[in-house]
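**Student:** sequence and computational prediction follow.
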Amino acid sequence: MARVILDSLKKTYGGNLILNNISTVIENGELVSLLGPSGCGKTTTLRCIAGFEIPDSGTITIGDTDITTMLPEQRDIGMVFQNYALFPHMTVFDNVAFGLRMRKVSREEISQRVHHIMKVVGLEGYDARYPRMLSGGQQQRVAIARALVIRPRLLLLDEPLANLDAKLREEMRFYLKKLQREVGITMIYVTHDQSEALVLSDRIIVMFNGRIHQCAAPEELYRHPATLSVANFIGLINPFDARFRGLENGCALAEASCGVLRCENFISEQFKDMAPGTPVKVGIRPESLTISSYSPEKLPGLNIIGGTVQEKVYIGNMFDYRVATPGGEVVRVQASPSVDIPMGNACWISAASVDTLLLPLE
Amino acid sequence: MKAKLASLLLAATLVVPSLAQARETLIMTCYGGAYQSFFESEIIPEFSKKYDCDIKLAIGLAKDWLAEMRASGKDNAPYDVVMMNEIWANQMRLEGYFAPLDEGKIPYMKDAFVVFKDKSGANSGIIGVIQPAGIAYLTDKVSNPPKSWKDLWKPEYKNKLGLYTVTNSMGGEFLLTVGDVWFGDQKQTSKSIDKIRELKPFKLSEFSGDMEKQLTLGEVEIGVLDTPAIARLKKAGVNIGWSEPAEHMIMFEQVFSVHTGSKHKDLAQAWINYLLSPEIQTKFVRRFYTTPCTQGVEVPDDLKEYIPVGPDGVSRIKVFDWEFFNANKSRIIREWNQKIAR
Amino acid sequence: MAVTKAQQAGSRLLLFLPAALWIMIFFVLPYTFLGYVSFKPTSSSSAYLPGFTLDNYVFNLTDSFFWVILAETLLEGVATVLICLLFSYPLAYRLARSRSRHRSLLYMVVISPLLVGVVIRCYGWMVLLADKGLINDLLLKTGIIDAPLPLMYNMFGVMVGLVQVYMPYMVISLTGAIQRINPELEYTARSLGASRFTAFRKITLPMSLPGIMSGSILVFVLTISSYAIPLLLGGNKTLTTPLLIVQTALDAFDWPGGASMAVIMFVIVVTLLSLYIKVLMHAMRGMK
């Protein structure tokens, strides 16, 4: 088993840069998601790892082997697709046995290994059926069994749950996670569904427009997003245009239209050399904001912004407010229903500086 | 069934205009292309004016006309005047589809070189167009051309020959010719087919147009063609020569007959008489380089170069026993297929 | 206004009517007539005689020449199908998998031969394949050969014509079938250790069987019933069953004989094709 290293992958299609300097390291036994909107390059990255595409430049190594230009069949990488890609003209057994037959494994061993893996995925006794006789979830488990039975160095999954209904999808997430822990295999998982990535992954690589924006554990990603795009993609964020003022005892100051905001949630590397006056973004998640009909006490660790309630929607366990600031920004606030401010009334919203993000422009 | 429907439709198209215009209409079989346009533009208008009638041409090939006539029966004439090769006309005459021709109504019949009689001995078919045929060769390739049919078997002509398939009338004539010249009997078709087999390899044409094309392209160097075709090719600049075989010539001919079931027999005979007139015969000669079919028509001096066989040569053209050939056609085709077309 | 069930059924029936009529008039009736004629005594002076006879069948079924020609015709059909398959498959594969914007243009190029009549195309081939034709001319002039190759007026010439004329049907059938195969299946096979060729052999090829089936049946049926191509490019030297039937019915004026040949050929071809379909259906049993 081995770690996977992507080093400066570049790929262009007809003049469009699809992969722009993709570098990352995936540790042995990790489940890493490639997350991003469609067209962000996540699938192309996967196809480069699988060998269906060759990057224009850069290298891919597994362990000590450079596999960048190796044929797909020589890579020992399992692959699971969104629509299962089961061979419709073969029985379940023949589907699962396919990779073993390619490896010239003996009949007895094939039978034994296939049956073992079928037990692992919970599909004993389905040998003689044809794929079309199975449900979507069962088909996906066959596809996974087929990929796992060859004991690959790495398992790649391309939106494997996207075709399942919501309930089954949720079940399969936990099933996959459990399976991965049991088998202990390195997995790279492509998805555009952030909640799926959050549930499943040890780490998530977020991609936009062919670039990696951030690579971090799910909680880290949510709490400390590196870019506004990441913050926006994982959860909600209220962005404020601002100018960087400087750092002050581990706290960054940024001047927005609603005043100077204190930010303690930022990646210091991004700002340590930044000149004062540089345009930046300040981000506050709606659930970090508190709303009140009076001005709260001005504490040093609190950013307070005045405004007017423009809209208010009750969404079950909370109110979803939209507050207009004098600077013309509309801020979304999710507050407990115990605070009920009528529409059109003046209000104050506040966020702790530890929850206030400072983000560079992209 | 289909044929009956067709003849009904045909009858309908016949009846309607004749009611409207109250003038007679003759229908004659005719080939498409040059023949059709020649008849329509140079022959029909004058006759039609003189006799106040219409002449319509049923364009097609003998195979179609035969099928149509047989399907309609003797009493329903799909055509009043039938123009076809003797190989086909012979069959229909024997089956009683052609009416006796009256010399009083066709004065030119006595001048015609070839007249066919039906079983009762009555005249019922007159050759109105003669295209004598013999051996054609490329003058730039064949320095010592064959002079007789038997010459074709000379080793020097090996690999140069083009012949007709037996289902073509010229092919049939060639087969009977081989029997005649080698075994003294047209009816020796089995022996003749074996004899033709000795000529292999040769190319086979389905019709004379194909033969002309093969000679023009140089695919074959020696073939069988009629003098009008030679004249046409010469005019087109092909280096082609023709020799009259010592034994006899063969021919493409058109036999004119009147259908037994025709309702316009008088007009039909007047039309045939008109076609045999020196004036029209000369038109044919001038237009197609054919050989005159009646006494008293000569080849114009300016055309002698292109018409090597004059009226005096018609007697050297062989007329074959088509009754025998047609009666044995299935057998002959089968034997041909097995021995030649493989 | 309420529409009764009967009215609904009536209007549904109405939709079938044109096709049913068409098939009745141009397929069922002529074939019935053909079958009818095949049991009539032959006559040289009329299409057929009244009465009923099996003579036509006895004659043809016991005629070794007829069987030889039929066998050759069917073999020619099989050979044409195989050659078409071999030539069409790579083309169809490219066409089906192409993502180029010139794809529709490529498609047009493939089917463009269908826009020119068969006879005209045969004459085109004649210009190329004749002894004094372009190909022989070129080979002779460059000194590669010193006597013209017999490219036409034989089985080779006929096959060239048949393959060229009927290949588009094969390409279209195959392209449709290959397009329906998810390309990920091949990727999956590759990732499981199959080489490009093995992935093709084990996945794409068996999955394109429906296209192979429809294409081969189409080309086979068109080939064995082809008349103009063997006539023109065979130069009266290659006999096929359709030529024999036309010759018997028209040249020898033996309608019952020709009709019985057509019926025998029809029965044999239908039997062979149903066997073929059965075998392929068995091979495709897993697929939808």
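**Tutor:** Looks like it arrived, so ask away.

**Student:** C-alpha from now on. contacts and neighbour counts both.
**Tutor:** Fine.

**Student:** ok and the residue in the stretch 51-200 of chain C nearest chain A?
**Tutor:** Closest contact between the stretch 51-200 of chain C and chain A, by Cα to the nearest Cα, is at C:G193 (4.0 Å).

**Student:** helix, strand, or coil at that residue?
**Tutor:** With DSSP: H, G, I helix; E, B strand; the rest coil as the basis, C:G193 sits in coil.

**Student:** state the number of residues packed around it.
**Tutor:** For C:G193, the neighbour count with other Cα atoms under 10 Å in any protein chain shown is 26.

**Student:** who are the contact partners of the nearest residue to it once chain neighbours are set aside?
**Tutor:** Distances taken as Cα to Cα, 6 or more residues apart in numbering or on different chains put A:E73 closest to C:G193, at 4.0 Å, once the chain neighbours are dropped. A:E73 makes contact with C:190-195, according to Cα atoms under 8 Å, 6 or more residues apart in numbering or on different chains.

**Student:** let's see it at 6 Å
**Tutor:** Contacts for A:E73 were tallied using Cα atoms under 6 Å, 6 or more residues apart in numbering or on different chains; they are C:190-191, C:193-194.

**Student:** quick check, it in a helix?
**Tutor:** Yes. Assigned with three-state DSSP, A:E73 falls within a helix.

**Student:** ok, and the closest non-adjacent residue to the most centrally placed residue in chain B?
**Tutor:** Nearest residue to the geometric centre of chain B (Cα atoms, centre = their mean): B:E253, 3.0 Å. Nearest residue to B:E253 in three dimensions, chain neighbours excluded: B:I130, at 4.7 Å (Cα to Cα, 6+ apart).

**Student:** wait, doesn't that neighbour sit right on B:T291?
**Tutor:** Yes. Applying Cα atoms under 6 Å as the test, B:I130 and B:T291 come out as touching, 5.5 Å apart.

**Student:** from the stretch 51-200 of chain A, which residue is nearest to chain C?
**Tutor:** A:E73 (4.0 Å).

**Student:** quick check: that residue vs C:Q8, distance?
**Tutor:** 57 Å (Cα to Cα, to the nearest Å).

**Student:** what distance do you get for the residue of the stretch 51-200 of chain C closest to chain A to chain B?
**Tutor:** For C:G193, the distance to chain B equals 53 Å [Cα to the nearest Cα, to the nearest Å].

**Student:** helix or strand for C:P210, which one?
**Tutor:** Using DSSP states H and E, C:P210 falls within helix C:209-224.

**Student:** on the three-state scheme, B:V309 is what?
**Tutor:** At B:V309 the chain is in coil, as set by three-state DSSP.

**Student:** any idea how many residues pack against it?
**Tutor:** Close neighbours of B:V309, defined as other Cα under 10 Å, add up to 21.

**Student:** and the longest helix anywhere in chain C, what does it pack against?
**Tutor:** Counting residues, the longest helix found in chain C (DSSP state H) is helix C:64-97. In this structure, helix C:64-97 packs against helix C:155-179, helix C:209-224, with contacts taken as 3 or more Cα pairs under 6 Å, 6 or more residues apart in numbering or on different chains; DSSP states H and E.

**Student:** check which residues of the lowest-mean-pLDDT helix or strand in chain A are buried.
**Tutor:** Using mean pLDDT, DSSP states H and E, helix A:268-271 stands out as the lowest-scoring helix or strand of chain A, at a mean of 83. Across helix A:268-271, burial judged by 16 or more other Cα atoms under 10 Å in any protein chain shown covers A:F271.

**Student:** following it in sequence, what is the next regular element?
**Tutor:** Downstream of helix A:268-271, the next assigned helix or strand under DSSP H and E is strand A:279-284.

**Student:** need the residues of chain C near chain B, please.
**Tutor:** Proximity of chain C to chain B (Cα under 6 Å from any Cα of the partner chain) is limited to residues C:46, C:131, C:235-238, C:252.

**Student:** okay if I get these as JSON lines plus pLDDT, secondary structure and neighbour count?
**Tutor:** JSON lines is the format used below for those (pLDDT from 0 to 100; DSSP: H, G, I helix; E, B strand; the rest coil; neighbours: other Cα atoms under 10 Å in any protein chain shown):
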{"residue": "C:S46", "pLDDT": "72", "secondary structure": "coil", "neighbour count": "17"}
{"residue": "C:D131", "pLDDT": "84", "secondary structure": "coil", "neighbour count": "22"}
{"residue": "C:G235", "pLDDT": "82", "secondary structure": "coil", "neighbour count": "23"}
{"residue": "C:N236", "pLDDT": "79", "secondary structure": "coil", "neighbour count": "24"}
{"residue": "C:K237", "pLDDT": "80", "secondary structure": "coil", "neighbour count": "22"}
{"residue": "C:T238", "pLDDT": "84", "secondary structure": "coil", "neighbour count": "24"}
{"residue": "C:A252", "pLDDT": "81", "secondary structure": "coil", "neighbour count": "23"}
